[in-house]
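Visitor: sequence plus predicted model, see below.
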Amino acid sequence: MLNTSKERPTTLHIYNFGSVFGNRKIIKGEDKLTTLYFMQNTRNSMHWTFDLHADGPDGPLLCRAQSSYNGPPLMDEINHGPTVLSMTAVRRPVKMERKRGAFSGTVFFKGPDHKEYRWQTTARLFSAVMECLDAEDALIATYRVTSMSVTKDGVLVVQPSGKFMLDLLVATSLAMRTPSN
C-alpha cells in the first residue's frame with residue numbers, strides 16, 4: 001500500500017555498542033546523533049533477554065523481552081514457545097510467535113490496537129531485509145540489515161501508519177535480530 005499522506009517515515013539507525021559481537025545496541029534518530037533507545041542483551045544456554053530503555057542506558061525502561069527456549073533440541077520434545085515482550089506502556093504482554101504453515105522467518109504479534117502484525121525476513125546473498133506487515137499486507141516498517149559494517153547493525157524505517165506503536169516496532173525488530181546477532 002502506497003503512502004499518500006505528506007507525513008514522512010521515521011528512520012532509526014541501530015548500532016552495535018562496545019564490540020563487534022557486543023550485547024548492547026544504541027538506536028539513534030535520523031540525524032545519527034540523537035540517542036533514542038538503548039538495548040542491553042544477556043544470553044545463557046537456554047534463552048536470551050534484553051531490556052530496552054528510552055534515551056540511553058539510564059533512561060526509563062520501555063520493554064523487557066525474553067525468548068522461549070532456544071537451546072539444542074532434546075528428542076524433539078521441546079516446545080519453542082513465543083518470545084514475550086513486557087512493554088511498560090501496554091498492560092498485557094506482547095507475544096511474538098511463529099504459526100503453523102507460516103514461512104520459517106515469519107513471526108506474528110498483536111499491536112496496541114489489537115490487530116495482528118507480522119515480521120517476515122527476506123535474505124539475499126549480501127543483504128537481509130525484515131518487513132513488518134499488517135493483516136492486509138500493508139507495509140508498516142522495514143529493517144535493513146547492514147551486512148558489510150563493523151558497528152552498524154541496520155536501519156529501521158517506520159511508515160506513518162506504524163508511528164503509533166514506534167516503541168513496539170523497535171522492540172519487536174530487535175527481538176527478531178537478537179537470536180542471530
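Guide: Structure's in. What do you need?

Visitor: can you pull the poorly scored residue ranges out of this structure?
Guide: Scanning the chain for pLDDT under 70 picks out 1-5, 19-22, 45, 69-81, 100-104, 125-126, 179-181.

Visitor: mind listing the strands for it?
Guide: For the chain, the strands defined by DSSP state E cover 10-17, 24-28, 35-43, 48-54, 61-66, 83-87, 94-96, 106-110, 116-123, 128-134, 139-145, 152-158.

Visitor: who does the second one pair up with?
Guide: The strands that strand 24-28 pairs with in its sheet are strand 10-17 (antiparallel), strand 35-43 (antiparallel) (by DSSP bridges).

Visitor: if we can go back for a sec, output the strands of the chain as CSV; include the columns mean neighbour count.
Guide: Glycine gets a C-beta too; all of them are placed from N, C-alpha and C. Below are those laid out as CSV (neighbours: other CB atoms under 10 Å):
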stretch, mean neighbour count
strand 10-17, 19
strand 24-28, 19
strand 35-43, 18
strand 48-54, 19
strand 61-66, 19
strand 83-87, 20
strand 94-96, 20
strand 106-110, 19
strand 116-123, 17
strand 128-134, 19
strand 139-145, 20
strand 152-158, 20
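
Visitor: adding distance to L52, write the strands paired with strand 24-28 out as CSV.
Guide: Listed next are these as CSV, based on distance: least, CB to CB, whole Å:
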stretch, distance to L52
strand 10-17, 12
strand 35-43, 5
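
Visitor: quick check: the closest residue to E30 other than its chain neighbours vs V94, distance?
Guide: Nearest non-adjacent residue to E30, counting by CB to CB, 6 or more residues apart in numbering: T11, 4.7 Å away. Going from T11 to V94 by CB to CB, to the nearest Å gives 23 Å.

Visitor: with E116 instead?
Guide: For E116, the distance to V94 - CB to CB - is 12 Å.

Visitor: residues bridging contact with those two, i.e. touching both?
Guide: Jointly contacting E116 and V94 under the rule CB atoms under 8 Å, 6 or more residues apart in numbering are F109, K110.

Visitor: need the strands of the chain in JSON lines (columns: distance to S173).
Guide: Shown next, in JSON lines, are these (distance: least, CB to CB, whole Å):
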{"stretch": "strand 10-17", "distance to S173": "8"}
{"stretch": "strand 24-28", "distance to S173": "10"}
{"stretch": "strand 35-43", "distance to S173": "11"}
{"stretch": "strand 48-54", "distance to S173": "11"}
{"stretch": "strand 61-66", "distance to S173": "11"}
{"stretch": "strand 83-87", "distance to S173": "11"}
{"stretch": "strand 94-96", "distance to S173": "10"}
{"stretch": "strand 106-110", "distance to S173": "10"}
{"stretch": "strand 116-123", "distance to S173": "7"}
{"stretch": "strand 128-134", "distance to S173": "6"}
{"stretch": "strand 139-145", "distance to S173": "5"}
{"stretch": "strand 152-158", "distance to S173": "6"}
